[in-house]
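S.K.: what follows is a predicted protein model with its sequence.
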Amino acid sequence: MEKVIELKDVWVRYGNQTILEGINLELKEPNGLLGIIGPNGGGKTTFLKVLLGLLKPYRGSVKLFGKPPEKSRELVGYVPQYKGFDFDFPISVWEVVLTGRMSHTGLLKNYREEDRKAAEDALKTVEMFEYRDRQIGQLSGGQRQRVFIARALATNPKLLLLDEPNSGLDPHMQDELYRLLDRLKHKMAIIMVTHDLSAVSVYVDKIACLNRKLHYHNSKEIPIEDLEATYQCPVELIAHGMPHRVLSNHEGNP
Ligand SMILES: Nc1ncnc2c1ncn2[C@@H]1O[C@H](COP(=O)(O)OP(=O)(O)OP(=O)(O)O)[C@@H](O)[C@H]1O
């Protein structure tokens, strides 16, 4: 079976600042949830952009499903951070999800029956179909996030990338989000970038830490040295009801 992701010695820089340094990552399983943690500015969003083919490494190779990212776009769903999004922008839930099909249709108004069906299925998957005629600005933060996930699901991706999907959500909404991801991860591979270290310890199947360099051991266990190298400070592990672990560090979690 084709590997979901294969990165070999990937280096990325902005100007003369190196952001990603010698990244190697192999993800073979077609499903499961990988959490990527790391400090602010550590390169997590940059890393996702490399997977999406939006940024080209100056060294190294990137393959998704055996192909370069620009040839595997339709297999990848992306839920970016929407922190700059103007929620007064007049667009309905239905239209947001349909934009997820735009690479298929070209123009939104020309969508076909299969686009309509894909958008409907995606909204049903995230349990938001009954909200399809609402304006996006009329939804709660958790509901919006579900709609954006539906948008990413509208192409039936085999890999779903989420950039801090829990940010700005209250604990109850976060819980619902993680339960949704828990369901989705049986159908696709998911990578979630997050600062929520306690959620990572509970919900993900595997963890990677990123701060310029990526530390990954194809497991949920991260050696304390890797955590300290990533956060560049002493890290304390707190037992939190076996078998989960919660990390405590300078970012104040939990
Ligand atoms: N377009 C850009 N041009 C120049 N530098 C950039 C650009 N985008 C990001 N950077 C820099 O690259 C570094 C990594 O940024 P990135 O957004 O990937 O980090 P991050 O780990 O996602 O951070 P956060 O957790 O705060 O979202 C930062 O120092 C940032 O200032």
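M.R.: Yes, it's here. Everything numeric here is computed off the predicted structure, so don't read it as measured data.
S.K.: spell out which parts of the protein neighbour the ligand.
M.R.: 14, 19, 38, 40-46 (CB under 6 Å from any ligand atom). Where you see a C-beta, it was placed from the backbone N, CA and C, and this is true even at glycine.
S.K.: quick one: which of those residues sit in helices?
M.R.: 44-46 (DSSP state H).
S.K.: including pLDDT, could those residues go into TSV?
M.R.: Shown next, in TSV, are these (pLDDT from 0 to 100):
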residue	pLDDT
K44	95
T45	95
T46	96
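S.K.: which ChimeraX command selects the buried ones in these?
M.R.: Selection of the buried residues among these in ChimeraX, burial being defined by 16 or more other CB atoms under 10 Å:
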select :44,45,46
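S.K.: quick check, nearest of the ones in helices among the residues of the chain next to the ligand to R183?
M.R.: K44 (23.9 Å; CB to CB).
S.K.: identify the residues contacting the closest one.
M.R.: When contacts are counted by CB atoms under 8 Å, 6 or more residues apart in numbering, K44 touches 36, 38, 163, 193, 210.
S.K.: quick one: which of those is most hemmed in?
M.R.: I36 (26 neighbours; other CB atoms under 10 Å).
S.K.: just confirm that residue is within a strand.
M.R.: Yes. Assessed with DSSP: H, G, I helix; E, B strand; the rest coil, I36 lies in a strand.
S.K.: which residues does it bridge with?
M.R.: Beta-bridge partners for I36, by DSSP bridges, are V193, A208.
S.K.: that one contacts D196, doesn't it?
M.R.: No. Taking CB atoms under 8 Å as the definition, I36 is not a contact partner of D196, at 11.6 Å.
S.K.: joint contacts of the two?
M.R.: By CB under 8 Å, 6+ apart, no residue touches both I36 and D196.
S.K.: least confident of the contacts of K44?
M.R.: Sorting the contacts of K44 by pLDDT puts G38 at the bottom of the list (90).
S.K.: so what's that residue up against?
M.R.: 44, 209-211, 230-231.
S.K.: Three-state assignment for the residue nearest the centre of the chain, please.
M.R.: Nearest to the mean C-alpha position of the chain, by CA atoms, centre = their mean, lies L162 at 1.8 Å. Reduced to three states with three-state DSSP, the structure at L162 is strand.
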